[in-house]
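>>> Give the three-dimensional model of this entry:
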Amino acid sequence: MEIQATLPIMVTPAFGHEARPETRRTHREQASTSSVQVQEVDRALSSLAAAIQPFDIALKFSKDTETGAIVVEMINQRTGETLQQIPNEAMLHVSAVLGKLQGMIFNEQA
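As a prediction, this is how the structure comes out:
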């Protein structure tokens, strides 16, 4: 069983955290929090890998270029066939079109 990841795991601070001095954390505190979060992700991925191991399925994580959404593909390891993709291609297309429409509306109002 192999888990493929094409997207690096990045941990970012909460929005606006760096703007308020009273809530600004030191680099050591941020590294400690990041380390804990990375460990939690590793544990979750290990649990997921153990759960799908009997089914001979690999997971491929990637990022959609148009929408920026995380895409997970379940792949049959014997045949290389994609069994399921979450979100599916249709949903990614709808999301991309709506994002472009939203941008057009915003530009007209500005």
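>>> hey, let's count contacts and neighbours off CA atoms from now on
Noted.
>>> longest helix of the chain?
Counting residues, the longest helix found in the chain (DSSP state H) is helix 27-52.
>>> list the buried ones in that helix?
Neighbour counts using 16 or more other Cα atoms under 10 Å place Ser34, Ala49 of helix 27-52 among the buried residues.
>>> how big is the angle separating the next helix or strand after it from helix 27-52?
For helix 27-52, the following helix or strand on the C-terminal side (DSSP states H and E) is strand 57-63. Relative orientation of strand 57-63 and helix 27-52, computed by axes from the mean of the first three to the mean of the last three Cα atoms, to 10 degrees: 140 degrees.
>>> what comes up buried for strand 57-63?
By neighbour count with 16+ other Cα under 10 Å, strand 57-63 contains the buried residues Ile57, Ala58, Leu59, Lys60, Phe61, Ser62.
>>> Same check on stretch 67-81?
Buried residues in stretch 67-81, defined by neighbour count with 16+ other Cα under 10 Å: Thr67, Val71, Val72, Glu73, Met74, Ile75, Asn76.
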